[in-house]
Every structure is written in C-alpha cells, then in structure tokens.
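Visitor: From the sequence below, what's the structure:
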Amino acid sequence: MNLLAPIERIGRDPRTGGYRRYVWNDADMELREWFAGEAAARGMAYEEDGNGNQVAWWGFDSHARSTDEGGSALLLGSHLDSVPDGGAYDGPLGVVSAFAAVDRLRADDFTPSRPIAVACFADEEGARFGVACAGSRLAAGTLDPARALALKDRDGLTLAEVLTARGRDPRTLGRSAWLDRVGTFVELHVEQGRSLVHSGDAVGVATAIWPHGRWRLDFEGRADHAGTTPMPDRRDPMPAYAATVVAATRRAYEEGARATFGRVEVEPGGANAIPSRVTAWLDARAADDAVLARMLDAILVDAREAASASRVRVEAAVESASPAVTFDHDLRTRLAAALDAPLLPTGAGHDAGVLSAFVPTAMLFVRNPSGVSHSPDEHADDADCAAGVDALVRTVLELA
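Guide: Model prediction:
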C-alpha cells in the first residue's frame, strides 16, 4: 500500500496524529493535486466537475456509450476528506486501492470490456459545511446548488465564497454529466466496526446502510452574570441542552439505535457568564426509517420539555437526512460469491448510498482490527489492504 505513503503527512495534526482534511482547505487542495497527478501518471483522462468531484478514466474514449444508452462505465473510488482528527483509512483506502487495482490489471495486460473510472468525491464527511456526501449529492442532483452555496463554515464563509477564493466558479454547481457515463459503482472502504474481525474475513460485501442524518438544535436563553444571577432568575440554555443529551442517549438505548452530540457551540462562551445560546448537532441513526423517526420525535419532545423547564426556547432544523439504503441485490450477491466474502450491514453513510438511487451500487469493506473509525486509532493491516486490492481486481474481472 505504498500509494498511501505520499499522502500520509497531508492534513495530519502533529499533536493528535489525526487528519483535518476539510473540503477546499489547504490539505484538500494538496490532495486534489495528488489525485490529478496519479491520473496523469497513468495516462488516464482526468476531469473535475463543478462540485469538486474528481474522476480519472481508463478506456473512456473507446468504450463510453451515449447518455441515451444509460452509460456503461464501472466506477471505483471513495473520498479523501476527513472528519476532525479522522483516521488515515476512511476514504483514502478506497481511492488508493482503486488506483492499485488499475495498476495490477494493466500489468497483466488486461483490457476492460467497459470503461473503468476512479473517483474522489468531494466533502463526503461534511466536516466543514455540515452536509455529508455533498459532492455526490450535488453530482446526482439531490442537493440544491443554491442551498449548498449558502452553507457557511465555522468562520462564517459561505461555500460560494470559498469556491471563488479557490478559483472555482460557483455557477457550475449541479448535476454532473459524467454520472451519465456510469453503469455500476463499487466503493471500497475500511470497515467501521468489527463484523469482519468476528467472522475472520479480510473483506466483506455490504448489504445496506442504516438511515441517518444530522439535526441542529438551537437553545436560546438570556446572557447574564454567573455570580450575581440567582438560579431561579436564570434563563440558561445549557441545562436544557444537557438534559437533551441525556434523554437522547436513553432513547438510543431503548431503540437499539445511535444518537450522538459530537459538536456544540456556546455563545458568548465566557467562563463566568450564563450563555445566551447553545447550538448543538445531533447525529442520529437506526436500523430502519420508522425507528429513526420514532426516536427523533421522542428526542425533540424531550428537548422542548427541558427547554420549557429552563424557560428557554429551542428550535430544531434538519441539516442532512438519508433514508435507508439497500444495495443492489443481484450485484452484491454476485460479488459476495465471486469474492467468497460475507455480507454485512453498516451504520455509516457513504457516497455509495447516494449513487445507489441512480446506478447499481455495491460496497466492499476491509477488516479494521480495532473496529475504531473517525479517530487516529483507525487501522487496517497491510495484508488486509492487499486483500482489498485483490477484491477490487476480481470485481473488475467479474464486471468488466
């Protein structure tokens, strides 16, 4: 897996060992140059769409069908951006493994029967602007460009302003023409869990993605002095937020689901001041849409009751929501048989989940011995990474 070596340092925080590769930041720009260079080194036709997605094509000129025929290309790849202090494998493993599979096939003088493409999707994690899988959603036409351009990062910069500063034209956001050339998408990804550890397999095939989303909760109270304001006179949003966290945790346990508050902002943020506002982001996931909806309804009731008890207001807004995804049955069954790999579900969202509504899509998972992800402790052994490349090679042989 020496392809990971050139990007190992890019965006890595020396204090934590984690990665901070946010869309359109300096690390992301360097990774974009790396991807374009890898495409050029292989003589692959390269393009970047108006949404920031990058695609490298092998055999496009001789094999691509017209839009009317629905496209024939086999798309591989993943993403290179990260969550704050993310691991080295979530996303990049899928990109470098796709390039490695192309190298292996070419070394064997293999000529594909359909075009092969390697993609790097922009802003899969949504760490900067809050919407996960923004690049693939824009490419597929499921995220409104006007809404995307108005999104703001923590510094108050809109996506439109950031794109302009990076020399991109915000007017080019929207559905990507290259998607019409794609007939199948297979995304390889490090497993974010321990199913493969328990089964003893290096590689698995995904069956489905749990429904999930992000909700922003704004608790609004009144700023005041921490030392002079009696407890009964306060309109403090912090206790309401804290009670909501406890309630969401309880609801998730009751439903066998997931509820996480991983980001919170407090205004004005003084240690000796009662805050005027607490803004928190809830990540919620469940095994099916009905369970997720039931849990969310209960959490919002809990939040309103807690806000009322603290004499503050609370408002909730959906930032992104993804329904349950079941991957193409025939494709996943075919790949599981060809790779002799087990089938397993996942609670994590992916670009494959977005594209599955438009083209037959499958996911391959590579074993993660720790089961930890979105953390510097995320890991995959070299032998398992090599097995992932082998699986992609066999996937291309099976499908192309």
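Visitor: what about the helices in the stretch 251-400 of the chain?
Guide: Using DSSP state H, counting those that start in this stretch, the helices found in the stretch 251-400 of the chain span residues 289-309, 329-339, 351-355, 382-399.
Visitor: so of these, which one's packed in deepest?
Guide: Each of the helices of the stretch 251-400 of the chain was assessed for mean neighbour count using mean count of other C-beta atoms under 10 Å. The highest is helix 351-355, with a mean of 28. No exception for glycine: its C-beta is placed from N, CA and C like everyone else's.
Visitor: and that one, what does it pack onto?
Guide: strand 73-79, helix 134-140, strand 182-190, strand 203-209, strand 361-366 (3 or more C-beta pairs under 8 Å, 6 or more residues apart in numbering; DSSP states H and E).
Visitor: can I get those in a markdown table with distance to residue 47, mean neighbour count and mean pLDDT?
Guide: Below are the helices and strands packed on helix 351-355 laid out as a markdown table (distance: least, C-beta to C-beta, whole Å; neighbours: other C-beta atoms under 10 Å; pLDDT from 0 to 100):
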| stretch | distance to residue 47 | mean neighbour count | mean pLDDT |
| --- | --- | --- | --- |
| strand 73-79 | 13 | 27 | 98 |
| helix 134-140 | 12 | 27 | 97 |
| strand 182-190 | 13 | 25 | 97 |
| strand 203-209 | 27 | 23 | 95 |
| strand 361-366 | 21 | 27 | 97 |
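Visitor: can you list the domains in this structure?
Guide: 2-210+324-399, 212-322 (automatic domain parsing).
Visitor: From the chain's centroid, how far away is the last one?
Guide: Which is domain 212-322. From the chain centre to the centre of domain 212-322 is a distance of 24 Å (C-alpha atoms, centre = their mean, to the nearest Å).
Visitor: which one of the helices and strands packed on helix 351-355 lies closest to residue 117?
Guide: Nearest to residue 117 among the helices and strands packed on helix 351-355 is strand 73-79; the distance by C-beta to C-beta comes to 4.7 Å.
Visitor: Which neighbouring elements make contact with that closest one?
Guide: Right, strand 73-79 is packed against strand 54-58, helix 92-107, strand 116-121, strand 182-190, helix 351-355, helix 382-399 by 3+ C-beta pairs under 8 Å, 6+ apart.
Visitor: one step back: tell me the most buried of the domains of the chain?
Guide: domain 2-210+324-399 (a mean of 20).
Visitor: quick one on the thing from earlier: a markdown table please, covering the helices and strands packed on helix 351-355 and showing distance to residue 87.
Guide: Output for the helices and strands packed on helix 351-355, formatted as a markdown table (distance: least, C-beta to C-beta, whole Å):
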| stretch | distance to residue 87 |
| --- | --- |
| strand 73-79 | 13 |
| helix 134-140 | 20 |
| strand 182-190 | 8 |
| strand 203-209 | 18 |
| strand 361-366 | 13 |
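Visitor: Could you say which one of these comes nearest to residue 283?
Guide: Across these, closest to residue 283 is strand 203-209 (C-beta to C-beta), at 14.1 Å.
Visitor: Can you name every helix or strand that the closest one contacts?
Guide: With contacts defined as 3+ C-beta pairs under 8 Å, 6+ apart, the packing partners of strand 203-209 are helix 195-199, strand 325-326, helix 329-339, strand 343-346, helix 351-355, strand 361-366, helix 382-399.
Visitor: Nearest to residue 150, out of these?
Guide: Of the helices and strands packed on strand 203-209, nearest to residue 150 by C-beta to C-beta is helix 351-355, at 20.3 Å.
Visitor: Put the alpha carbons of that closest one into PDB.
Guide: What follows is helix 351-355, C-alpha atoms only, in PDB (Å, rounded to 0.1, in the frame of the first residue of the first chain):
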ATOM      1  CA  ASP A 351     -21.200   8.200  -1.300                       C
ATOM      2  CA  ALA A 352     -22.300   4.800  -2.500                       C
ATOM      3  CA  GLY A 353     -25.500   5.300  -0.600                       C
ATOM      4  CA  VAL A 354     -26.200   8.400  -2.600                       C
ATOM      5  CA  LEU A 355     -25.400   6.900  -6.000                       C
END
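Visitor: Show residues contacting it.
Guide: Applying C-beta atoms under 8 Å, 6 or more residues apart in numbering, the contact partners of helix 351-355 are 75, 78-79, 121, 124, 133, 135-137, 140, 142, 179, 182, 185, 187, 206, 209, 322, 325, 327, 361-363.
Visitor: just stretch 227-240 next, same as before
Guide: Stretch 227-240 has contacts (C-beta under 8 Å, 6+ apart) with 219-222, 224, 266, 272, 274-278, 303, 306-307, 309-312, 314.
Visitor: and the residue lying closest to residue 375 once chain neighbours are set aside, what does it touch?
Guide: Nearest non-adjacent residue to residue 375, counting by C-beta to C-beta, 6 or more residues apart in numbering: residue 87, 5.8 Å away. For residue 87, the contacting residues are 18, 19, 190, 372, 373, 374, 375, 376, 377, 378, 379, by C-beta under 8 Å, 6+ apart.
Visitor: Now do the contacts for the first one.
Guide: The one in question is residue 18. With C-beta under 8 Å, 6+ apart, residue 18 has these contacts: 12, 82, 84, 85, 86, 87, 375, 376.
Visitor: ok, which pair from these is furthest apart?
Guide: Using C-beta to C-beta, those reach their maximum pairwise distance at 12 and 375, which is 13.4 Å.
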